[in-house]
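Undergrad: From the sequence below, what's the structure:
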Amino acid sequence: MTPEQVAAASKPLVLELGEAFSRCPSTLRRARLLGISGWAFYITGRAGALGDVRAETVAAALGFIAPEAVADGWDAAVRTVPPLEVAGANLAECCRWGGTKLGDAPEAARLAALLRQVVDAADGSGMPLFAAWRAMPVDAATPGARAAVALLLLREHFAGAYLLAVRAAGMTPLEAVLAGPEGDAGASACGWSPPYPPVGPLVRRRLWAEAVTDRLVSPAFRALGPGEGAELLNLLTAARLHVRGG
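TA: Below is the predicted model:
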């Protein structure tokens, strides 16, 4: 398999596994312990790695969430807790989830090692959120925790690449969400308010952006040796099945 093929095949697996911890009830309980809402924890937990920046900067980095919704979550959180503290709590929850859910997954240590090769080789140019997360100090003592953190990082790399590709396709982030599989419901979940632009002309552009995303991310997968791309895909597939309880 070529690096681009591995990137394309791994993308849905990484996107699912890389955010699974954020939906865990224990992660949501951490928000209450910090005295903020679940939405504020999601926004600030994800973007807090950027440090003490303005909500406009956060909205630009996240891209696909409506700026007003970003500001609601970010401003509410930073009035109570420093952004880096929320990011650190988010990272701790990621490690906890990984140790619990991925610790006994097939070859968790090997999965973590292969993912880390890709993450370390990734180019963070134009992807501030990915770069900020990769620079965060991590205390991941177990293979499951290391795999979960690497999945979080790689997910942000894919997300950053997709945002660049969407803009190169001449689309706004809202248009990309509307042209995606969840359509209007996805736009609403991301805080965008109707009326929405027509979707029809956007679908082909979104598919082009998906292909460009794979090309932008593929250089990171060149760090894998012969056969390791297919091995990584097999381990990611097994991990997803394991997390789903299969």
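
Undergrad: and the helix or strand that contains Leu233, average pLDDT?
TA: Remark: Leu233 resides in helix 228-243, with elements defined by DSSP states H and E. Taken as a whole, helix 228-243 has a mean pLDDT of 97.

Undergrad: swap in stretch 71-80?
TA: Stretch 71-80 comes out at a mean pLDDT of 96.

Undergrad: buried residues in that stretch?
TA: 71-74, 76-78 (16 or more other CB atoms under 10 Å). Yep, even glycine has a C-beta here, placed from its N, CA and C like the rest.

Undergrad: now do stretch 239-246
TA: Using 16+ other CB under 10 Å as the test for burial, stretch 239-246 gives 239-240, 242-243.

Undergrad: One more: stretch 49-56?
TA: Within stretch 49-56, the residues that count as buried by 16+ other CB under 10 Å are 49-50, 53, 55.

Undergrad: and Leu154, what is it in contact with?
TA: Going by CB atoms under 8 Å, 6 or more residues apart in numbering, Leu154 touches 14, 18, 115, 118-119, 122.

Undergrad: Give me the distance between it and Gln117.
TA: Using CB to CB, to the nearest Å, Leu154 is found at 11 Å from Gln117.

Undergrad: correct me, but Ala189 touches Leu178?
TA: No - no contact is recorded between Ala189 and Leu178 when judged using CB atoms under 8 Å, the distance being 11.8 Å.

Undergrad: hmm, who's touching stretch 231-242?
TA: Looking at stretch 231-242 with CB under 8 Å, 6+ apart, the contacting residues turn out to be 1, 6, 9-10, 13-14, 16-17, 101-102, 104-108, 110-111, 114-115, 118, 147, 224.

Undergrad: 10 Å - rerun?
TA: The contact list for stretch 231-242, computed with CB atoms under 10 Å, 6 or more residues apart in numbering, reads 1, 5-6, 9-10, 12-14, 16-17, 20, 101-102, 104-108, 110-115, 117-118, 144, 147-148, 151, 221, 224-225, 246.
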